[in-house]
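Enquirer: give me coordinates for this.
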Amino acid sequence: MVMLLVLKERLRSFYGKYAALVDGIVKFGYSFLAFYLLNENIGFMEVLKNPLVPPAFSVLCAFLPYSLISFLLGVVMVVHIYSVSLEIALVTAVFLISVMLLYYGFQPGDSYWLVLTPIAFILRVPYVIPLLAGLSGTLITAVPVCCGVAVYYILLYVKQNAGVLTNDASVDITQKFVQIIRTMFSNDMMVVMILTCLVGILVVYLLRSLSVDYAWFLAIVIGTIVQMAAVFVGAFLFDVTVSIGELIVGVIVAIAVAMVYHFFVFAVDYSRTEYTQFEDDDYVYYVKAVPKFVVSKPDVKVQRINNPGRMRRGAREKEV
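Expert: Residues are numbered from 1 along each chain as shown. Predicted coordinates for the structure are as follows:
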């Protein structure tokens, strides 16, 4: 435990000195993973499938805010879909523009959730998103998370039906738009996962906001249980199939990631909790103070000892 706390303090000190460099590296890795997974799943535009494209875009994204990174990823996504179907590309573009105008125009700070959510779904660990969003965000964070779920199922729909979508030019354009919208946004599994994320974020956020001991730990455990319950209930009500193996693995990974985040962000020592009370003319204040775990970095000093042989020679010279 002490070694982990020392590591935490060293990482915090390192970030304090090199914050700009670390942020750039994080944005590069975040963008590279997103572009790589996008090309692997719907890489239909040959120009963008070039292996040099993801690192080139990622270098650019290292200097951009997360809102612009999300916008650039959305453009690349629409271009890939355009290679398969103009109609789906238009529907996807309207959906993304609506999200950006209605939400990110007012609160662009958490736009990364719109990208992290599809990444987590592609990596088969979707249950980590509600835990982290509930621990680090607010209830409004549910908006980009749910939109990210929709983005993932749009990608999945295009990937699974690329051949059919490319060869249906004979269908009436109006009927085609209606069929696409109905198919894309009436996916029962998508509805189940959106409801699961909503419930998970709500429960985790409310529990971690409570003034009780081990609130974050309770939020992680109960939030995970609630997510599993929501998945099973949704699967029963909507008659969809859920892979038990993926569910178990996803839950284990989600708990592990959430606990690591908890340790580095909110590690407190409840055994040293203090209570105090004071008042002014209008109110009486009851304060509960819980100290964080703090361990100073070990101060390692290396003392240089002179060569004994050299010291003896110096002493003989003085005697002479």
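
Enquirer: quick one: the helices in the stretch 201-320 of the chain?
Expert: Secondary structure of the stretch 201-320 of the chain (DSSP state H, counting those that start in this stretch): helices located at 215-238, 244-266, 308-319.

Enquirer: where does the protein have its least confident helix or strand?
Expert: When the helices and strands of the chain are scored by mean pLDDT, DSSP states H and E, helix 308-319 comes last with a mean of 53.

Enquirer: of all the helices of the stretch 201-320 of the chain, which one comes closest to residue 2?
Expert: Of all the helices of the stretch 201-320 of the chain, helix 244-266 sits nearest to residue 2, with 13.0 Å by Cβ to Cβ. Where C-beta positions appear, they are placed from N, C-alpha and C, glycine not excepted.

Enquirer: between the closest one and helix 215-238, how many degrees?
Expert: Angle, helix 244-266 to helix 215-238, by axes from the mean of the first three to the mean of the last three Cα atoms, to 10 degrees: 150 degrees.

Enquirer: return the distance of residue 134 relative to residue 204.
Expert: According to Cβ to Cβ, to the nearest Å, residue 134 stands 3 Å off from residue 204.

Enquirer: any common contacting residues for these two?
Expert: 219, 223 (Cβ atoms under 8 Å, 6 or more residues apart in numbering).

Enquirer: could you list the low-pLDDT ranges of the protein?
Expert: The chain contains residues with pLDDT under 70 at 1, 104-108, 165-173, 176, 294-320.

Enquirer: where do the strands of it begin and end?
Expert: Assigned strands in the chain, in chain order: 274-279, 284-289 (criterion: DSSP state E).

Enquirer: a markdown table for these, including mean neighbour count?
Expert: Shown next, in a markdown table, are the strands of the chain (neighbours: other Cβ atoms under 10 Å):
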| stretch | mean neighbour count |
| --- | --- |
| strand 274-279 | 9 |
| strand 284-289 | 10 |
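
Enquirer: dump those strands to JSON lines, plus distance to residue 31.
Expert: JSON lines is the format used below for the strands of the chain (distance: least, Cβ to Cβ, whole Å):
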{"stretch": "strand 274-279", "distance to residue 31": "44"}
{"stretch": "strand 284-289", "distance to residue 31": "40"}
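
Enquirer: nearest to residue 25, out of the ones you listed?
Expert: Closest approach to residue 25 among the strands of the chain is made by strand 284-289 (35.5 Å; Cβ to Cβ).

Enquirer: contacts for the closest one?
Expert: 211, 273-279.

Enquirer: output that strand as PDB, restricted to C-alpha atoms.
Expert: Extracted in PDB, the C-alpha atoms of strand 284-289 (Å, rounded to 0.1, in the frame of the first residue of the first chain):
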ATOM      1  CA  VAL A 284     -25.100  26.000  12.100                       C
ATOM      2  CA  TYR A 285     -22.500  24.100  10.200                       C
ATOM      3  CA  TYR A 286     -21.700  20.400  10.700                       C
ATOM      4  CA  VAL A 287     -18.500  19.400   8.900                       C
ATOM      5  CA  LYS A 288     -17.100  16.000   8.300                       C
ATOM      6  CA  ALA A 289     -13.400  16.000   7.300                       C
END
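
Enquirer: partner strands of that strand and their direction?
Expert: strand 274-279 (antiparallel) (DSSP bridges).

Enquirer: can you say which of the strands of the chain is nearest to residue 229?
Expert: strand 284-289 (31.0 Å).

Enquirer: and that closest one, how far from the chain's centre?
Expert: Relative to the centre of its chain, strand 284-289 is centred 34 Å away, using Cα atoms, centre = their mean, to the nearest Å.

Enquirer: and if you look at stretch 258-274?
Expert: Using Cα atoms, centre = their mean, the distance between the centre of stretch 258-274 and that of its chain works out at 20 Å.

Enquirer: do the same with stretch 43-59
Expert: Mean-position distance between stretch 43-59 and its chain equals 23 Å (Cα atoms, centre = their mean).
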